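Model the structure of this input:
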Amino acid sequence: MLHPITSQVYLVQLYNKAVRALVKENQSHSFYEDHWADSHTQDVVAASEDEARTKIAKRFPPEDGFVIEMVMAPSH
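Numbers count the residues shown, from 1 in each chain. Okay, the predicted model is just below:
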């Protein structure tokens, strides 16, 4: 029997490495606020961990300095 893929809420933890480096030098990023030096948790609705990573990378692009620290699947 086939089971339909259902979306789940994944918790994604990320920060901005450029902001983190600047804050360590007592400087600020020209665009992103200093709080991006710290980890943030975002909820992402996706069918899989890979899809959650893809979705978060579109919203918080790696080329802009964002680093995904962790993707946590919902606990059952």
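
which SSE is the residue nearest to the spatial centre of the chain in?
Closest residue to the average C-alpha location of the chain: residue 14 at 4.0 Å, with Cα atoms, centre = their mean. For residue 14, the host element (DSSP states H and E) is strand 8-16.

before we move on, the earlier item: so what's the residue nearest to the centre of the chain closest to, chain neighbours aside?
residue 68 (4.9 Å; Cβ to Cβ, 6 or more residues apart in numbering). Every residue, glycine included, has its C-beta placed from N, CA and C.

ok, and for the helix or strand where the one you found lies, which residues are buried?
Residue 68 belongs to strand 66-72 when assigned by DSSP H and E. Residues of strand 66-72 classed as buried under the neighbour-count rule (16 or more other Cβ atoms under 10 Å) are 66, 68, 71.

Quick check: buried residues in the lengthiest helix in the chain?
Longest helix of the chain, by residue count under DSSP state H: helix 49-59. For helix 49-59, burial by neighbour count (16+ other Cβ under 10 Å) applies to 51, 52, 53, 55, 56.

Report the two of these separated the most.
Largest separation among the buried residues of helix 49-59 by Cβ to Cβ: 51 and 56, giving 9.7 Å.

got any residues that touch both of the two?
By Cβ atoms under 8 Å, 6 or more residues apart in numbering, residue 51 and residue 56 have no common neighbours.

Contact partners for the closest residue to residue 23 other than its chain neighbours?
Counting by Cβ to Cβ, 6+ apart, residue 23 lies nearest to residue 37, which is 4.1 Å off, once chain neighbours are set aside. Residues in contact with residue 37 (Cβ under 8 Å, 6+ apart) are 15, 16, 19, 20, 22, 23, 24.
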